[in-house]
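Undergrad: task: produce atomic coordinates for the following.
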Amino acid sequence: MSKQTRQVILYKDEDSYWIAECPSLKGCNSQGKTKEEALSNIKEAISGYVIALEEDGLSVPEDDFETFLVVV
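TA: Residues are numbered from 1 along each chain as shown. Next up is the predicted model:
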């Protein structure tokens with residue numbers, strides 16, 4: 001598997017754990033007690049997700065996720 005870049009969203013949950021989500025890979029998320037741990041865990045989750053898709057002969061979705069700040 002070659003190196004690739006994926007956008008990840010990080011936020012704290014109500015228990016103060018950091019949640020990490022990769023929106024371009026549906027259902028690919030992880031967590032950690034610190035930001036660093038959550039980022040390390042999501043990297044591992046993304047790698048495993050992509051490997052599983054490739055092993056099953058499925059296409060790997062492009063990372064076409066965009067973020068915006070909205071004032072309400």
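Undergrad: now the helices for this structure?
TA: When assigned using DSSP state H, the helices of the chain occupy the ranges 35-55.
Undergrad: quick one: low-confidence ranges for it?
TA: Low-confidence segments of the chain, defined by pLDDT under 70, are located at 1-2.
Undergrad: try 80
TA: 1-3, 65 (pLDDT under 80).
Undergrad: next, the contact list for the spatially most central residue of it, please.
TA: Taking Cα atoms, centre = their mean as the criterion, residue 22 is the residue nearest the geometric centre of the chain, at 2.5 Å. With contact set as Cβ atoms under 8 Å, 6 or more residues apart in numbering, residue 22 has these partners: 6, 7, 8, 28, 29, 42, 45, 46, 49. From N, CA and C alone the C-beta is placed, and that goes for glycine too.
Undergrad: out of the residues you listed, which one sits closest to residue 14?
TA: Distance to residue 14 across the contacts of residue 22 (Cβ to Cβ) is lowest for residue 29, with 15.8 Å.
Undergrad: the residue nearest to that closest one when sequence neighbours are not counted and residue 59, how far apart?
TA: Sequence neighbours aside, residue 21 is the residue nearest to residue 29 in space, at 4.3 Å (criterion: Cβ to Cβ, 6 or more residues apart in numbering). Taking Cβ to Cβ, to the nearest Å as the criterion, residue 21 is separated from residue 59 by 21 Å.
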